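Asker: Turn this into a model:
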Amino acid sequence: AGAAPVVAAGALAGGDLGAGIRSLQAHLRAQPRDFGGWATLGTAYVEQARTQGDPSRYPQAERALERSLALAPGNERALAGRAALAAARHDFTGALAYADRALEQNPHSERALCSRIDALVELGRYEEAADAAATADRRRPGVPVFTRYAYVRELRGDVRTAREVLRRALDGASSPADVAYVATALGQLAWNQGEYEAALTHYARALAADDGYLPALEGRARAQAAGGDRAGAVKTLEQVVVRSPLPGPLVALGELYEERGADGDRAKARDQYALVDAWTALARAGPVDADLDTALAAADHGDAGEALRAARAEWDRRHSVHTADALAWALHVNGRDEEALPYARRATATGYRDAAFLYHRGVIEKATGHDRAARRSLTAALELNPGFSPPGARAARAALKELEAAR
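Answerer: As a prediction, the model looks like this:
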């Protein structure tokens, strides 16, 4: 019953997820009662869906994991897989419940430990997430835990520790998949701080390990755009969205088309924003909770009413800094700035430094007459990461100019 993970281990560890899945499928045709094999296959489908931006894989993952649980009720590997699947579908309450059940059987399950951290982070329960990360670090230190530990520190404003943890993780990474994963995390951390050259160096290392790693390609495009290489950014993002048409890169590419303003670029931008709606429909069929993605995209490039509906629905499920920011901005674009202000403040209250959050807060503060606070927030956004968004940075500079003129 334990043979299937061995069959696919080499391919999965080496980053060739497709080959690993094919090996598992062949094994399970020969030994269909291997509950461990079904659990491993289900988890591999989850990872494939995540890396390729293909939510249609999630129903396959669910069927494989249910098959494992039918053969061996309550087995830890399948429960950990269900936790990962729930997290991927943005059902973080379910992910936490499955992770806890898996950890009751195996307190050292790396997948369950990581899913538990992810769920607590996304639910906005940051103190508990910090405790979960420390527990995971004691029980199962390794690249998956280190990267999550670093992110929890970043969310609390401790960028120095986050960077040090990631550097140590990169020094210890051996497989190309791990190198790409950790180097990309370092690139994202550097980009968030406006360190574009450092970010590009980290993304280059990630792509040297895996030249098709989509998160690194997307990160490189954002760093290129922020550093002034708009043509390179467009070319890179076009490669990304062909393979993985997720809302983030679609919106970023649309905005770059609008900034470029060549013949046909406005139509190209509209096409990218329309594809967000297509992805959302596909995700919901997954089923994946796509309300946060919908809220952010619709607020800037779609239906303001739909943005607010989606943001409120997401806030009802979880209270993270990201959902607070999305709800604040959705309220703003609907002209409800007084209601938006507490959420904008909450989004920046943990110490997490995100230029988009600061920009949103500054615009809302300006709209509610808090001019001094607005100047501080907008200045902080542009000092932290002046290339956080082409239209956002331009709007932040214009708002600051208006505030200075009114003094």
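Asker: for the closest residue in space to Ser115 that isn't next to it in sequence, what are its contacts?
Answerer: Spatial nearest neighbour of Ser115, chain neighbours left out: Ala83 (3.8 Å); criterion: CB to CB, 6 or more residues apart in numbering. Every C-beta, even on glycine, is put in place using the N, C-alpha and C of the backbone. Contact partners of Ala83, counting by CB atoms under 8 Å, 6 or more residues apart in numbering, are 95-96, 98-99, 102, 111-112, 115-116, 119.
Asker: Please identify, among those, the one with the most neighbours.
Answerer: Using other CB atoms under 10 Å as the neighbour criterion, Ser115 leads the contacts of Ala83 with 31 neighbours.
Asker: Can you give the contact residues for the helix or strand encompassing that one?
Answerer: Assignment of secondary structure by DSSP states H and E places Ser115 within helix 110-122. With CB under 8 Å, 6+ apart as the test, helix 110-122 has contacts from 43, 76, 79-81, 83-84, 86-87, 90, 92-93, 95-96, 98-100, 102-103, 106, 126, 128-129, 132-133, 135-136, 139-140, 142, 144-145, 148-149, 151-152, 155, 318, 320.
Asker: re the thing from before, distance of the residue nearest to Ser115 relative to Ala132?
Answerer: From Ala83 across to Ala132, the span is 13 Å (CB to CB, to the nearest Å).
Asker: Could you do Gln31 as well?
Answerer: Note on Gln31: its distance to Ala132, by CB to CB, is 35 Å.
Asker: Of those two, which one has the most company?
Answerer: Between Gln31 and Ala132, counting by other CB under 10 Å, Ala132 is the more crowded of the two (27 against 12).
Asker: contacting residues around the more buried one?
Answerer: Applying CB under 8 Å, 6+ apart, we find Ala132 in contact with 113, 116-117, 120.
Asker: what about 7 Å?
Answerer: By CB atoms under 7 Å, 6 or more residues apart in numbering, the contact set of Ala132 is 116-117, 120.
Asker: Could you do Ala233 as well?
Answerer: 221, 224-225, 256.
Asker: and what of Thr147?
Answerer: With contact taken as CB under 7 Å, 6+ apart, Thr147 is in contact with 166, 169, 181-182, 185.
Asker: Now it: which helix or strand?
Answerer: Short version, using DSSP H and E: Thr147 is in helix 143-155.
Asker: That helix vs helix 110-122, what angle?
Answerer: Orientation of helix 143-155 against helix 110-122 (axes from the mean of the first three to the mean of the last three CA atoms, to 10 degrees) gives an angle of 10 degrees.
Asker: following helix 143-155, which helix or strand comes up?
Answerer: Note on helix 143-155: by DSSP H and E, the next helix or strand toward the C-terminus is helix 159-172.
Asker: What about the spatially closest residue to Ala61 that is not a sequence neighbour, how many residues nearby?
Answerer: For Ala61, ignoring the flanking residues on the chain, the nearest one in space by CB to CB, 6+ apart is Tyr45 at 3.7 Å. For Tyr45, the count of nearby residues is 26 (other CB under 10 Å).
Asker: likewise Gly37?
Answerer: By other CB under 10 Å, the residues close to Gly37 number 30.
Asker: residue contacts, it?
Answerer: Applying CB under 7 Å, 6+ apart, we find Gly37 in contact with 4, 24, 27-28, 31.
Asker: gap between it and Gly172?
Answerer: With CB to CB as the criterion, Gly37 and Gly172 are 30 Å apart.
Asker: Please apply the same query to Arg361.
Answerer: Using CB to CB, Arg361 is found at 38 Å from Gly172.
Asker: between these two, who's got more neighbours?
Answerer: Between Arg361 and Gly172, Arg361 has the larger neighbour count (other CB under 10 Å), namely 30 against 13.
Asker: Tell me if I'm right that that one and Tyr343 touch.
Answerer: No - counting by CB atoms under 7 Å, Arg361 does not reach Tyr343; the two are 9.4 Å apart.
Asker: circling back: can you redo the contacts of Gly37 as CSV, where the extra columns are pLDDT, secondary structure and distance to Ala330?
Answerer: Formatted as CSV, the contacts of Gly37 follow (pLDDT from 0 to 100; DSSP: H, G, I helix; E, B strand; the rest coil; distance: CB to CB, whole Å):
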residue, pLDDT, secondary structure, distance to Ala330
Ala4, 35, helix, 45
Leu24, 91, helix, 42
His27, 93, helix, 47
Leu28, 94, helix, 45
Gln31, 93, coil, 50
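Asker: which non-adjacent residue is nearest Asp210?
Answerer: Excluding its sequence neighbours, the residue lying closest to Asp210 (CB to CB, 6+ apart) is Ala180, at 4.1 Å.
Asker: oh, I was asking about Phe146
Answerer: Among residues not flanking Phe146 along the chain, Ala169 sits closest, at 3.9 Å (CB to CB, 6+ apart).
Asker: go on, Arg101?
Answerer: Closest residue in space to Arg101, ignoring its immediate chain neighbours: Leu79 at 5.0 Å, by CB to CB, 6+ apart.
Asker: Which helix or strand contains the one you found?
Answerer: helix 76-88.
Asker: distance between that helix and the chain's centre?
Answerer: How far helix 76-88 lies from its chain's middle: 18 Å, per CA atoms, centre = their mean, to the nearest Å.
Asker: Specify the angle between whichever helix or strand comes after that helix and helix 110-122 in degrees.
Answerer: Sequence-wise, the next helix or strand downstream of helix 76-88 (DSSP H and E) is helix 92-105. For helix 92-105 against helix 110-122, the angle by the same axes, to 10 degrees is 150 degrees.
Asker: which residues make contact with helix 92-105 from outside it?
Answerer: If you take CB under 7 Å, 6+ apart as the criterion, helix 92-105 is touched by 76, 79-80, 82-83, 86-87, 109, 112-113, 115-116, 118-120, 122-123, 318.
Asker: for stretch 284-299, same thing?
Answerer: The contact list for stretch 284-299 (CB under 7 Å, 6+ apart) reads 55-56, 58-59, 89-91, 247, 251, 273, 276, 280, 283, 306-307, 310-311, 313-314, 322-323, 326, 329-330, 333.
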